[in-house]
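Engineer: just coords:
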């Protein structure tokens with residue numbers, strides 16, 4: 001059953017890519033059918049309805065036999081790919097054809113590369129051959145690049161695409177070294193459990209760099225904000241919701257199959273704690289809606305890595321049951337963040353199309369024209385802030401439980417778990433401030449600029465997937481116990497870790513009951529307030545004007561002001577670009593203040609190093625001028641230097 005489902009999905013994606021240029025209707029039908037098939041295969045294996053699937057071909061591809069495998073761990077990620085892929089496919093059906101100044105050829109190219117991206121993401125998830133894994137990894141990177149640069153006429157888009165491609169290839173080089181050294185040590189490209197080969201443990205650091213860069217692990221996230229901000233919104237949803245998780249999948253897969261250094265768990269736990277706090281602080285000070293959402297992804301990758309790091313630390317201790325809770329929380333947060341962030345990016349696409357800008361300082365008051373989008377965006381924001389009764393709280397709560405147990409055990413792990421709890425709590429508080437700012441500036445208040453066209457809710461192709469994802473976020477929050485089987489099976493597929501279903505189901509049942517009761521109470525209170533307001537005949541009026549006779553939209557909070565207080569606590573880290581011209585004289589002609597958030601790692605570290613490398617390479621290029629006499633002189637100098645080295649070394653005892 002699993003083999004035919006996967007084969008049908010891959011064939012449908014290929015045929016859909018060919019049909020996308022001439023028949024969008026055929027494309028959307030085939031791509032949606034492929035998504036359903038991928039989801040069905042993932043559910044069947046993930047929830048234990050079918051046994052793990054393992055298949056080897058009798059013919060070579062690129063000199064290696066195909067080896068495909070689907071277990072509960074890869075099934076968990078395959079379900080996420082199917083869900084976000086279905087939503088993005090439906091959303092893009094009309095989104096790509098909107099008249100937003102995009103290149104006329106973009107819709108056809110977008111459908112082709114979209115199917116290519118989903119196809120190769122699925123190939124990576126079911127592959128158990130190192131060579132084919134690398135090929136699939138590189139091909140999905142290329143597809144993502146062409147999707148990011150779909151509107152290639154804009155300079156910012158091209159720059160974001162090149163940064164993504166350069167960073168991705170840096171990670172691919174590390175993964176190429178990882179897989180080739182692994183194949184050299186084992187004598188085969190075939191992948192599988194090799195935990196007894198302790199000599200392979202140092203290879204983990206190559207995997208951490210390669211997969212961590214793709215996951216957007218801080219400080220390897222430098223490509224992420226610009227790529228997600230400049231890509232079409234449905235592409236941003238897939239990049240943030242799924243593609244980042246492929247980096248997490250790689251870390252999970254190979255930290256489970258291979259031995260890891262003793263310090264690996266501690267390093268990942270520390271990187272996750274720092275990344276969670278740093279990512280959300282960067283998000284808070286952003287004035288671009290999609291950049292804000294992109295930096296929030298850096299935070300949530302940090303949350304997932306806290307859970308994974310805790311599980312690795314616990315796996316090295318004799319009786320550390322807290323590790324199973326941390327791992328289950330990390331796995332569940334893969335889903336909750338993936339669905340909620342896809343929801344937010346699709347909602348942002350509707351908002352950006354309506355307002356004609358990504359600048360938060362030029363939005364405002366959109367809830368009047370987009371009430372349903374505002375509700376869906378609020379659901380995603382509340383989930384990402386970890387508020388009950390939504391899904392975002394569930395995964396983080398399991399991670400908290402695991403860390404609290406580690407602290408209570410008074411063992412060595414408690415020294416790392418304590419600071420991780422503090423960082424996670426601070427990140428949650430800043431996340432609440434960040435999404436309060438986003439929702440207030442986008443949907444509340446008065447419009448800060450005049451839209452260029454009439455505002456209205458999107459068509460059903462864009463509204464249905466948005467509300468479908470909102471429903472998934474709500475369902476995971478109210479009934480989290482239903483996913484306990486796949487969490488336990490995925491944990492067992494990671495490594496034999498004594499992860500019975502009951503150990504995860506019991507806390508999820510308790511939390512689910514609390515969330516359900518809270519949801520009913522909130523609905524009841526809201527209904528009672530509505531009845532009371534309706535009975536009293538309360539009418540809508542202007543907000544308090546602070547005593548101003550004629551308040552204007554310019555008097556509202558700006559994007560910088562709303563995040564200024566909390567952002568000011570982290571100025572030493574954010575290092576924003578600030579300049580101002582104060583009013584001068586009795587009748588000043590002009591004054592301004594500039595407070596621009598900087599890409600601290602990119603602008604402060606990566607760019608200066610790249611400039612120095614470019615300067616050295618430019619100087620070396622001058623040696624290549626085409627004069628044969630000079631080349632002969634270089635050879636003579638080199639031979640003389642080698643001879644001198646031999647003489648010096650030969651004279652030593």
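Structural biologist: Done, it's in. Here the structure is a predicted model, which is why all the values come from computation and not from measurement. Numbers count the residues shown, from 1 in each chain.
Engineer: number of nearby residues for residue 56?
Structural biologist: Neighbour count of residue 56, defined by other Cβ atoms under 10 Å: 12. Every residue, glycine included, has its C-beta placed from N, CA and C.
Engineer: and it, how far is that from residue 65?
Structural biologist: Shown here: residue 56 relative to residue 65, a distance of 6 Å by Cβ to Cβ, to the nearest Å.
Engineer: same thing with residue 370?
Structural biologist: Distance of residue 370 to residue 65, computed by Cβ to Cβ: 53 Å.
Engineer: Just the element for the spatially closest residue to residue 420 that is not a sequence neighbour, please.
Structural biologist: Among residues not flanking residue 420 along the chain, residue 273 sits closest, at 4.5 Å (Cβ to Cβ, 6 or more residues apart in numbering). Secondary structure from DSSP states H and E places residue 273 in helix 264-284.
Engineer: if we can go back for a sec, so for residue 370 and residue 65, which sits in the more crowded spot?
Structural biologist: Neighbours per residue, other Cβ under 10 Å: of residue 370 and residue 65, the larger number sits with residue 370, 23 against 15.
Engineer: which ones are touching the more buried one?
Structural biologist: Counting by Cβ atoms under 8 Å, 6 or more residues apart in numbering, residue 370 makes contact with 350-351, 354, 443, 455-457.
Engineer: Now, of the residues you listed, which are buried?
Structural biologist: Buried members of those, counted by 16 or more other Cβ atoms under 10 Å: 350-351, 354, 443, 455.
Engineer: got these as CSV, with pLDDT, secondary structure and distance to residue 383 columns?
Structural biologist: Listed next are the buried ones among the contacts of residue 370 as CSV, based on pLDDT from 0 to 100; DSSP: H, G, I helix; E, B strand; the rest coil; distance: Cβ to Cβ, whole Å:
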residue, pLDDT, secondary structure, distance to residue 383
350, 89, helix, 18
351, 89, helix, 18
354, 83, helix, 23
443, 86, helix, 17
455, 75, coil, 25
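Engineer: from these, which single one is nearest residue 158?
Structural biologist: Distances from these to residue 158 were compared by Cβ to Cβ; the smallest belongs to residue 351, at 24.3 Å.
Engineer: Can you tell me the number of residues neighbouring the nearest residue to the closest one once chain neighbours are set aside?
Structural biologist: Distance criterion Cβ to Cβ, 6+ apart; nearest residue to residue 351, sequence neighbours excluded, is residue 442 at 5.8 Å. As a burial measure, residue 442 scores 26 neighbours (other Cβ under 10 Å).
Engineer: Show me what the host helix or strand of residue 442 is packed up against.
Structural biologist: According to DSSP H and E, residue 442 maps onto helix 412-443. Counting contacts by 3 or more Cβ pairs under 8 Å, 6 or more residues apart in numbering; DSSP states H and E, helix 412-443 is packed against helix 264-284, helix 289-315, helix 322-355, helix 371-384, helix 391-408, helix 559-562.
Engineer: try 6 Å this time
Structural biologist: helix 264-284, helix 289-315, helix 371-384, helix 391-408 (3 or more Cβ pairs under 6 Å, 6 or more residues apart in numbering; DSSP states H and E).
Engineer: could those go into CSV alongside distance to residue 76, mean neighbour count and mean pLDDT?
Structural biologist: Putting the helices and strands packed on helix 412-443 into CSV (distance: least, Cβ to Cβ, whole Å; neighbours: other Cβ atoms under 10 Å; pLDDT from 0 to 100) gives the following:
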stretch, distance to residue 76, mean neighbour count, mean pLDDT
helix 264-284, 19, 25, 90
helix 289-315, 12, 28, 91
helix 371-384, 19, 23, 91
helix 391-408, 12, 24, 88
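Engineer: What is the burial count for residue 584?
Structural biologist: Residue 584 has 10 nearby residues by other Cβ under 10 Å.
Engineer: er, residue 63 I mean
Structural biologist: Count around residue 63 with other Cβ under 10 Å applied: 7.
Engineer: Look up how far residue 169 lies from it.
Structural biologist: For residue 63, the distance to residue 169 - Cβ to Cβ - is 23 Å.
Engineer: cool, residue 477 as well?
Structural biologist: If you measure residue 477 against residue 169 using Cβ to Cβ, the figure is 39 Å.
Engineer: More neighbours: those two, which one.
Structural biologist: Set residue 477 next to residue 169 and count neighbours by other Cβ under 10 Å: residue 477 wins out with 27 against 14.
Engineer: I figured the more buried one hits residue 391, correct?
Structural biologist: Yes: with contact defined as Cβ atoms under 6 Å, residue 477 reaches residue 391; the gap is 4.3 Å.
Engineer: In which helix or strand does residue 579 reside?
Structural biologist: strand 577-581.
Engineer: Which parts of this structure are strands?
Structural biologist: Ranges of strands within the chain are 53-61, 64-70, 577-581, 592-596, based on DSSP state E.
Engineer: Output these in TSV; the columns should cover mean pLDDT.
Structural biologist: Listed next are the strands of the chain as TSV, based on pLDDT from 0 to 100:
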stretch	mean pLDDT
strand 53-61	83
strand 64-70	88
strand 577-581	71
strand 592-596	69
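Engineer: Would you mind measuring from the spatially closest residue to residue 372 that is not a sequence neighbour to residue 210?
Structural biologist: Sequence neighbours aside, residue 457 is the residue nearest to residue 372 in space, at 5.7 Å (criterion: Cβ to Cβ, 6+ apart). Plainly put, residue 457 is 42 Å away from residue 210 if you go by Cβ to Cβ.
Engineer: Next: residue 54.
Structural biologist: 25 Å.
Engineer: Please apply the same query to residue 590.
Structural biologist: For residue 590, the distance to residue 210 (Cβ to Cβ) stands at 50 Å.
Engineer: Just confirm the residue nearest to residue 420 contacts residue 421, I think it does.
Structural biologist: No: Residue 273 is beyond contact range of residue 421, at 8.9 Å (criterion: Cβ under 6 Å).
Engineer: Kindly state the pLDDT recorded for residue 557?
Structural biologist: According to the prediction, residue 557 has pLDDT 69.
Engineer: just residue 52 next, same as before
Structural biologist: 88.
Engineer: same thing with residue 496?
Structural biologist: Here, the pLDDT recorded for residue 496 equals 65.
Engineer: coming back round to it: phi first, then psi, for the residue nearest to residue 372.
Structural biologist: Main-chain dihedrals, residue 457, degrees, to the nearest 10: phi -60, psi 150.
Engineer: what's the distance between it and residue 91?
Structural biologist: 14 Å.
Engineer: Equivalent analysis for residue 234, please.
Structural biologist: Applying Cβ to Cβ, the value for residue 234 to residue 91 is 5 Å.
Engineer: list the buried ones in stretch 349-369?
Structural biologist: Those would be 349-367, 369, for stretch 349-369 by 16+ other Cβ under 10 Å.
Engineer: Any chance you could list what contacts it?
Structural biologist: With contact meaning Cβ atoms under 6 Å, 6 or more residues apart in numbering, stretch 349-369 is reached by 233, 287-290, 373-374, 441-443, 445-449, 452, 455, 458, 558-559.
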